[in-house]
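**Q** give me the fold of what follows.
(one chain, ligands or ions: 1)
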Amino acid sequence: MTTSPESKRKSVQELADARLAPEYRQAVKTLEAAMAAIGWPFVDRPICCGEPVEISGFIGSCYKAVCHKCDRFIFDVTGPEFDKGCVTVPDGDIYDMGTEVRWVSGQRGVQPADARS
Ligand SMILES: [Zn+2]
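**A** Have a look, this model is predicted:
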């Protein structure tokens, strides 16, 4: 922990922990590392279970990808949240989002290998 003024904003890790269910909490990763953690190749549209994964985008950038067969997913913790027809995006004044290390991944029903308690 540093005490420099820039560190007043919360980290993307804190954002991830706030958004993820306890069983999926893990260290945030780069996109490449998050994909590798669930065995996906680092390509634009990976094939999983024999089919391209479903990619969700918002304003031109991908924030989520899911395989509906095995329930593996990657998720940008700084991405938008859809709730009852309303979209919210995490506030850049609260969270320090200028980082590429903002992805989490996993498989529904399976604890991530690096799950934090
Ligand atoms: Zn799959």
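**Q** which parts of this protein are helices?
**A** Per DSSP state H, the chain carries helices over the ranges 12-19, 31-37.
**Q** nearest to Arg45, out of those?
**A** helix 31-37 (11.4 Å; CB to CB). Placement of C-beta: from N, CA and C, glycine included.
**Q** what is that closest one packed up against?
**A** On a contact count with 3 or more CB pairs under 8 Å, 6 or more residues apart in numbering; DSSP states H and E, helix 31-37 meets strand 72-76, strand 103-107.
**Q** same list (these) but as JSON lines, adding mean pLDDT, distance to Val53 and mean neighbour count.
**A** Converted to JSON lines, the helices and strands packed on helix 31-37 look like this (pLDDT from 0 to 100; distance: least, CB to CB, whole Å; neighbours: other CB atoms under 10 Å):
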{"stretch": "strand 72-76", "mean pLDDT": "95", "distance to Val53": "8", "mean neighbour count": "22"}
{"stretch": "strand 103-107", "mean pLDDT": "95", "distance to Val53": "11", "mean neighbour count": "22"}
